[in-house]
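Trainee: Sequence plus the predicted model coming up.
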Amino acid sequence: MELALICAQQVIVLFLLIGAGAVAIKTGVLKPEGRQTLSNLLVYLVVPAMIVHSYMMDFSEEILHNLLAAFGMSILAILIGTAITLLLTARRKDRRVPIFPFACVFSNAAYMGFPLISALFGSEGLLYASAYVTVFNILLWTIGYSMVSGSSNPKEVAQALSRTPAIYAVVVGLAIYLLQIPVPNLIAQPIDLLSGMNTPLSMLITGMLIAAGDLKSIVCDKHIWKLAGVRMLLIPAVCVAVFALLGFHGMSTQVVLLLECCPAAAITSVFAVQFNHDERFAAGSVVLTTLLSIITLPLCALVLTTVM
């Protein structure tokens, strides 16, 4: 009952923040093009600070074991999603095909998942979430990049990974955690304050995204609904079933599965533009799955923390 109350309270908080972002766009307080600036702030400063902050705790062999397990489960979860979507799109050939598997496999974990994980599991949960984000970024810029570009140039992949702040944050965080490096309060406090920006900033950006979309045409597009069904229902359900069969349980399992329940990654739209795919389909997929996640994510959190 207590967990259900936490989930309910958190979804109301997230919904209000999302609403604030949407109202800011509709009233002209914020411009749609400002979303990119806020996204850069989140990706390059706030999320790395949050990841480093999550590692600033006393060493525990149990937590280290769970962290390593989270890395392994993250790989398994994303590969399950990849296998499902490739099977579903194996014989299809149109402008939506590269976007469909990419949007289904790669979720918007940092925007939507991290705030809920922070509320439910605290710093330890964010520690396991950082493992997922590390695996996510490596696979996104290898398998994912190959999906949308049609090529897998090692040099381009290496350059993309070198520009991913979350990976550097995990390396720094692991060093702090494993070596138990004391972090002076003068540094720890700004990191703490920056990490606290993640939830409000993520939700404002989400609200801006929803407000900027053509909701009427999106909700009438059966192809976008098919993608949403695979991204939000089929892949999470298969992952839960596989993890249950393998006997995985505990907080690290719940965190990985919750991140696998998140909406399509915002970068889907960027890749659609860059590689001349169906831009409207890509943007609509991100908007609809994000809108649905306002309801589905808390429900998934409640189910996962009850059964896993």
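Mentor: Sure thing, it's come through.
Trainee: got a list of what Arg280 touches?
Mentor: Ser217 (C-beta atoms under 8 Å, 6 or more residues apart in numbering). Where you see a C-beta, it was placed from the backbone N, CA and C, and this is true even at glycine.
Trainee: host element of it?
Mentor: Using DSSP states H and E, the element containing Arg280 is helix 279-307.
Trainee: What mean pLDDT does that helix get?
Mentor: Taken as a whole, helix 279-307 has a mean pLDDT of 83.
Trainee: same thing with stretch 61-79?
Mentor: Taken as a whole, stretch 61-79 has a mean pLDDT of 93.
Trainee: which residues are contacting it?
Mentor: For stretch 61-79, the surrounding residues in contact (C-beta under 8 Å, 6+ apart) are 57, 105-106, 124, 127-128, 131-132, 134-136, 139, 178, 239, 242-243, 248, 250-253, 255-257, 259-260.
Trainee: Distance from the chain centre to the helix holding Arg280, please.
Mentor: Distance of helix 279-307 from the chain centroid (C-alpha atoms, centre = their mean, to the nearest Å) equals 11 Å.
Trainee: buried sites along that helix?
Mentor: Neighbour-count burial for helix 279-307, counted by 16 or more other C-beta atoms under 10 Å, picks out 280-294, 296-298, 300-305.
Trainee: quick one, helices of the stretch 201-308 of the chain?
Mentor: Using DSSP state H, counting those that start in this stretch, the helices of the stretch 201-308 of the chain run over 215-219, 222-229, 235-245, 251-260, 267-274, 279-307.
Trainee: Export those to TSV and append columns for distance to Gly28.
Mentor: Output for the helices of the stretch 201-308 of the chain, formatted as TSV (distance: least, C-beta to C-beta, whole Å):
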stretch	distance to Gly28
helix 215-219	19
helix 222-229	28
helix 235-245	37
helix 251-260	34
helix 267-274	22
helix 279-307	20
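Trainee: nearest to Asn40, of these?
Mentor: Of all those, helix 267-274 sits nearest to Asn40, with 12.2 Å by C-beta to C-beta.
Trainee: list the buried ones in that closest one?
Mentor: Across helix 267-274, burial judged by 16+ other C-beta under 10 Å covers 267-272.
Trainee: who's in contact with the helix or strand of the chain with the lowest mean pLDDT?
Mentor: The helix or strand of the chain with the poorest confidence is helix 154-162; it has a mean of 75 (mean pLDDT, DSSP states H and E). The contact list for helix 154-162, computed with C-beta under 8 Å, 6+ apart, reads 137-138, 141-142, 145, 167.
Trainee: Tell me which two of those sit farthest apart.
Mentor: It's Tyr145 and Ile167 that sit farthest apart of those, by C-beta to C-beta, at 15.0 Å.
Trainee: State the number of residues packed around Lys241.
Mentor: For residue 241 the amino acid is Ala, not Lys. Other residues within reach of Ala241, judged by other C-beta atoms under 10 Å, total 11.
Trainee: Would you quantify the distance from it to Phe248?
Mentor: 11 Å (C-beta to C-beta, to the nearest Å).
Trainee: And for Leu14?
Mentor: 27 Å.
Trainee: next one: Phe15
Mentor: For Phe15, the distance to Phe248 equals 31 Å [C-beta to C-beta].
Trainee: These two - which one has more neighbours?
Mentor: Shown here are Phe15 and Phe248; by other C-beta under 10 Å, Phe248 has more neighbours (20 against 15).
Trainee: Excluding chain neighbours, give the residue nearest to the more buried one in space.
Mentor: In space, Phe248 comes closest to Met73 once its chain neighbours are excluded; the distance is 6.3 Å by C-beta to C-beta, 6 or more residues apart in numbering.
Trainee: The helix or strand hosting that neighbour: what's the following helix or strand?
Mentor: For Met73, the enclosing helix or strand under DSSP H and E is helix 61-88. As assigned by DSSP H and E, the chain's next helix or strand after helix 61-88 is helix 99-105.
Trainee: and that following helix, how far out from the chain's middle?
Mentor: Mean-position distance between helix 99-105 and its chain equals 14 Å (C-alpha atoms, centre = their mean).
Trainee: which residues are contacting it?
Mentor: 78, 81-82, 84-86, 88-89, 92, 143-144, 147-148, 227, 230-231, 235, 264-265, 268, 271-272, 277-278, 281-282, 285-286, 289.
Trainee: now do stretch 262-275
Mentor: 39, 98-99, 102-104, 106-109, 111-113, 140, 148-150, 209, 227, 231-232, 277-279, 281-283, 285-286, 289-290, 292-293, 297.
Trainee: Understood, closing this out.
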